[in-house]
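coords please:
(2 chains)
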Amino acid sequence: MNGRSFHPSSSSFRDPAGFVFENQGQIYRQINQVGKTDFDHFINSGLYNELLNQELIIAHREVEASKFAPDVQRYKVIKPRRLPFVSYPYEWTFSQLKAAALLTLKIQKAALTKGLILKDASAYNVQFIGGQAILIDTLSFRIRQPGAPWEGYRQFCEHFLGPLAIAAFISPNLLKLAAVFLDGLPLQLACQMLPARARLRKGLLAHLYLHAAFQKRFDKAKPQVSAKPRQVGELAMEGLLSSLQKTVEKLRISSQKTQWGDYYNATNYSKAAFETKQRVVETLLRKIKPPPKIVWDFGANDGRFSEITAGIGAYSVSFDIDPLATEKNFLKSRPQALKKMILPLIQDLTNPSPPLGWGHEERMSLKERSPSDVILALALVHHLAIGNNLPLADISKFFAKLTSYLVIEFVPKSDSKARQLLGGRQIQFASYNQTNFEKSFGQHFDLVEKQRLTGSQRVIYLYKAKRAK
Amino acid sequence: MRFLFAYLDPGTGSIVIQSVIGVVAGIGVFGRKAFSRAGHKLKSLLSRSNYKS
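Take a look at the predicted model:
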């Protein structure tokens, strides 16, 4: 493979205006001749700078295109800022999806003032840097012809409004459906799922119910050649966007209790024991040289240990299985510097995100997004080993594939939390003990240090993956 | 013709409904703007008459 070759990203094949590609481990975006006029207007109108100053769009710089293999379709090549971690809508909480929806509408409004319009409204065009949603598709803008409707309106309703409505009216757990309906939740299906009272919201009545009815009526109808194209004037477009914004803003999830949503309030840790644990974890993390740049915190709950890893300068992906605990983590008030370093995401470790989309290559699996420098697995192993019957050796093997270092807490069977999981199954988990734990993790990791938490039988280990030598 | 260069199928039904919602919501936007302009005008007239007296 020569250094000039370029490989279009497998998730970037839809838009003829350009595509994302990889060259020698770096990510670039090619702008094709077809997209030249729109891209130039996007830059020259000042929209790019305006959005960049508000941190609403990914930063990029132009690079010399001649260093890549020739391509007659090419106009320019840009190099976007690299994201610390790529996440997907089926891993986001309700408020993250809502933030992404409102970002899309805000950018659309700004674009219209410059004579441009977003040509699509895919949730996959949005990424998070910590708590901040940003648009990553620099090629989403097109010069708006007077009276032109929004081509991405249907996509907006299917990617954002429908999923947000079913999460608000039924359960935030349903946001996982995005992994099944990768190209958006069909509106007809969203309407079938929603309770009748959702029709009382005029925004939902218009953008979901009537929208679905109009799709049914018109989408399969024969195109009428003589039919006058529909016009959406400036005032009408402003009205449409305001209506969408109000509808999205009004959607909220109820603060129902989940298994983990109230974990730290219901825990049996004393304040002093908890502070000791925080101190031990920080001491172990500071022993890692060079200091970690990216940490994956599994079972992060409201992210209080991610705050420690972010505090030592590591971008911290704060995973939890519980949508409400993760929601709490995302909405938690933190200093700005810390907020930019913590990305809360929903992730079920016993069924982690698989590769999805065309050719299994459009959306990366969790494993494909590794390695992390450190995995933090605090108060987690007993849930995997006892709660999910996973052998300790398998847990160790899986973590070793994902990380260079591991900070893991062993919770013995005598611990009240482990006893809850065991129920009456003591005999079945005879091999769940500290000796077997150390033996299993010793297969794939070298022990750097272990510390017993005072006043507890729990032990925290710092391991280094054997392949990371 | 309008969507000759669209890579996304906008859907005929979605175009029709957005123009309908746009007109209704647009009237609301127009009303709010007119109301706010009238309010401003009234305010400036009142403050001018206060100044004169």
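
element containing the residue nearest the centre of chain B, please.
Computing the C-alpha centroid of chain B and ranking residues by Cα atoms, centre = their mean puts B:Val29 first, at 3.2 Å. B:Val29 belongs to helix B:12-52 when assigned by DSSP states H and E.

and what of A:Arg61?
Per DSSP H and E, A:Arg61 falls inside strand A:60-63.

and the pLDDT for the closest residue to chain B within the stretch 251-400 of chain A?
Of all residues in the stretch 251-400 of chain A, A:Trp358 sits closest to chain B, at 15.1 Å by Cβ to the nearest Cβ. (Each C-beta comes from the backbone N, C-alpha and C, glycine too.) pLDDT, A:Trp358: 90.

hang on, isn't A:Asn329 packed against A:Phe319?
No. Contact criterion Cβ atoms under 8 Å: A:Asn329 and A:Phe319 do not qualify, at 9.7 Å.

thinking again about what came up before, the strand holding A:Arg61: what's the following helix or strand?
strand A:74-80.

that following strand pairs with which strands?
Take DSSP bridges as the rule and strand A:74-80 pairs in its sheet with strand A:26-32 (antiparallel), strand A:60-63 (antiparallel).

what lies in contact with the shortest one?
Put plainly, it is strand A:60-63. Defining contact as Cβ atoms under 8 Å, 6 or more residues apart in numbering or on different chains, one finds that strand A:60-63 is touched by A:Tyr28, A:Arg29, A:Lys76, A:Val77, A:Ile78, A:Lys79, A:Pro80, A:Arg81, A:Thr138.

what comes up buried for it?
Neighbour counts using 16 or more other Cβ atoms under 10 Å in any protein chain shown place A:His60, A:Val63 of strand A:60-63 among the buried residues.

just confirm A:Ser353 contacts A:Leu345, I think it does.
No. Checked against Cβ under 8 Å, the pair A:Ser353 and A:Leu345 is beyond contact range at 9.2 Å.

tell me, what's touching these two both at once?
Common neighbours of A:Ser353 and A:Leu345, using Cβ under 8 Å, 6+ apart, are A:Glu91.

between the two, which is the more surrounded one?
A side-by-side neighbour count of A:Ser353 and A:Leu345, using other Cβ atoms under 10 Å in any protein chain shown, places A:Leu345 first with 24 against 21.

circling back: once you drop chain neighbours, what's closest to the residue nearest to the centre of chain B?
Nearest residue to B:Val29, sequence neighbours excluded (Cβ to Cβ, 6 or more residues apart in numbering or on different chains): A:Gly239, at 4.5 Å.

A:Leu177 too?
Using Cβ to Cβ, 6+ apart, the nearest residue to A:Leu177 is A:Leu185, at 6.2 Å.

residues from chain B in reach of chain A?
Counting by Cβ under 8 Å from any Cβ of the partner chain, chain B comes close to chain A at B:1-3, B:5-8, B:10-30.

which of these count as buried?
The neighbour count (16+ other Cβ under 10 Å) marks B:8, B:10-23, B:25-26, B:29 as buried among those.

among the contacts of strand A:60-63, who's most crowded?
When neighbours are taken as other Cβ under 10 Å, the top entry among those is A:Thr138 (24 neighbours).

wait, a helix at that one?
No. Using DSSP: H, G, I helix; E, B strand; the rest coil, the secondary structure at A:Thr138 is coil, not a helix.

tell me the pLDDT of it.
94.

correct me if wrong: it contacts A:Pro80.
Yes. Taking Cβ under 8 Å as the definition, A:Thr138 is a contact partner of A:Pro80 at 6.9 Å.

what segments of the stretch 1-150 of chain A are helices?
All helices of the stretch 1-150 of chain A, identified by DSSP state H, counting those that start in this stretch, fall at A:36-44, A:47-53, A:94-113.

so which of those is nearest chain B?
Of these, nearest to chain B by Cβ to the nearest Cβ is helix A:36-44, at 9.4 Å.

same for that closest one, what does it pack against?
Other helices and strands packing on helix A:36-44, by 3 or more Cβ pairs under 8 Å, 6 or more residues apart in numbering or on different chains; DSSP states H and E, are strand A:74-80, strand A:116-118, strand A:141-143.

nearest to A:Gly130, out of the ones you listed?
For A:Gly130, the closest of the helices and strands packed on helix A:36-44 is strand A:74-80, at 17.2 Å, according to Cβ to Cβ.

pLDDT score for the closest residue to A:Leu175 other than its chain neighbours?
With sequence-adjacent residues excluded and distances taken as Cβ to Cβ, 6+ apart, A:Leu175 is closest to A:Ala167, at 5.2 Å. You'll see A:Ala167 listed with a pLDDT of 97.

how near is A:Ala167 to chain B?
Going from A:Ala167 to chain B by Cβ to the nearest Cβ, to the nearest Å gives 22 Å.

so which strand or helix has that residue?
Per DSSP H and E, A:Ala167 falls inside helix A:162-169.

could I have the CA atoms of that helix written out in CSV?
As requested, the backbone C-alpha atoms of helix A:162-169 are provided in CSV (Å, rounded to 0.1, in the frame of the first residue of the first chain):
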residue,chain,number,x,y,z
GLY,A,162,-40.0,10.0,16.8
PRO,A,163,-37.4,8.3,19.0
LEU,A,164,-37.5,11.2,21.6
ALA,A,165,-41.3,11.0,21.7
ILE,A,166,-41.4,7.2,22.4
ALA,A,167,-38.6,7.6,25.0
ALA,A,168,-40.6,10.4,26.7
PHE,A,169,-44.0,8.7,26.5
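
what's the offset of that helix from the middle of its chain?
Its chain's C-alpha centre and that of helix A:162-169 lie 18 Å apart, by Cα atoms, centre = their mean, to the nearest Å.

by how many degrees do it and helix A:94-113 diverge?
Taking axes from the mean of the first three to the mean of the last three Cα atoms, to 10 degrees, one finds helix A:162-169 and helix A:94-113 inclined to each other by 140 degrees.

in the helix or strand in which A:Ser396 is found, what's buried?
In the assignment (DSSP H and E), A:Ser396 maps to helix A:392-402. The neighbour-count check on helix A:392-402 (16+ other Cβ under 10 Å) flags A:Leu392, A:Ile395, A:Ser396, A:Phe398, A:Phe399, A:Ala400, A:Leu402 as buried.

tabulate those (a markdown table), appending pLDDT and distance to chain B.
Shown next, in a markdown table, are these (pLDDT from 0 to 100; distance: Cβ to the nearest Cβ, whole Å):
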| residue | pLDDT | distance to chain B |
| --- | --- | --- |
| A:Leu392 | 95 | 49 |
| A:Ile395 | 97 | 43 |
| A:Ser396 | 97 | 46 |
| A:Phe398 | 96 | 39 |
| A:Phe399 | 97 | 41 |
| A:Ala400 | 96 | 42 |
| A:Leu402 | 96 | 36 |
